[in-house]
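[1] structure here, sequence nowhere to be found:
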């Protein structure tokens, strides 16, 4: 991995992957995400409103990075804003029917991606929004890689070595 690379864990993915930053659009769950994280000292970021960002365990607030109404979308926007030359997404498959990531304890609790059919208008709509985002922010296609799912197809797999 290059030296200026961020490993972004989205929501609960920090329980499976040691990341450099945890991004969530669920600030009310930040304390739980930290407790589940392999790195309890991880910096937790959100782009939600200042009022919601004042929840315990939110370390950094990015008011201009609410993107796609998803934690993963905001993760990309935040990492681009931070200027990373490489961004590795963990926990943002955007497949539908799978929760945040395979084996997620929250997949039954989060009806959005976890319970929606992969072919639903809901999932297709979020995928289309992500593609539109990359058209407006083409740098994302050059610097972002993803570990799984639709986002791995869109951004590509990480290049190790």
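    Structure's in. What do you need? Just so it is clear, the structure is predicted and the values come from calculations on it, not from any experiment.

[2] following the helix or strand bottoming out on mean pLDDT in the chain, which helix or strand comes up?
    Within the chain, confidence by mean pLDDT, DSSP states H and E is lowest for helix 111-115 among all helices and strands, at a mean of 60. The helix or strand immediately downstream of helix 111-115 is helix 121-136, counting by DSSP states H and E.

[3] quick one: buried residues of that following helix?
    Counting neighbours by 16 or more other C-beta atoms under 10 Å, one finds that the buried residues in helix 121-136 are 123, 126, 127, 130, 134. For glycine as for every other residue, the C-beta is placed from the backbone atoms N, C-alpha and C.

[4] what is that helix packed up against?
    Packing contacts for helix 121-136, counted by 3 or more C-beta pairs under 8 Å, 6 or more residues apart in numbering; DSSP states H and E, involve helix 71-82, helix 111-115, helix 139-143, helix 149-155.

[5] so what touches the last one?
    Going back to what we said before, that points to helix 149-155. With C-beta atoms under 8 Å, 6 or more residues apart in numbering as the test, helix 149-155 has contacts from 72, 89, 92-95, 98, 127, 130-131, 134, 140-141, 144-146.

[6] give me every residue that touches the residue positioned nearest the centre of the chain.
    For the chain, the residue lying nearest the average C-alpha position, counting by C-alpha atoms, centre = their mean, turns out to be residue 72 (2.6 Å). With contact taken as C-beta under 8 Å, 6+ apart, residue 72 is in contact with 10, 23, 89, 91, 92, 94, 151.

[7] let's see it at 10 Å
    Residues near residue 72 by C-beta atoms under 10 Å, 6 or more residues apart in numbering: 8, 10-11, 13, 23-25, 89-94, 100, 113, 126, 130, 146, 151.

[8] any idea how far it is from residue 17?
    According to C-beta to C-beta, to the nearest Å, residue 72 stands 14 Å off from residue 17.

[9] ok, residue 127 next?
    Separation of residue 127 from residue 17 (C-beta to C-beta) stands at 22 Å.

[10] ok, residue 152 - how many residues close by?
    18 (other C-beta atoms under 10 Å).

[11] okay, it: pLDDT?
    Per-residue confidence (pLDDT) for residue 152: 94.

[12] I'd say residue 89 and residue 5 touch.
    No: with contact defined as C-beta atoms under 10 Å, residue 89 and residue 5 do not form a contacting pair (11.5 Å).
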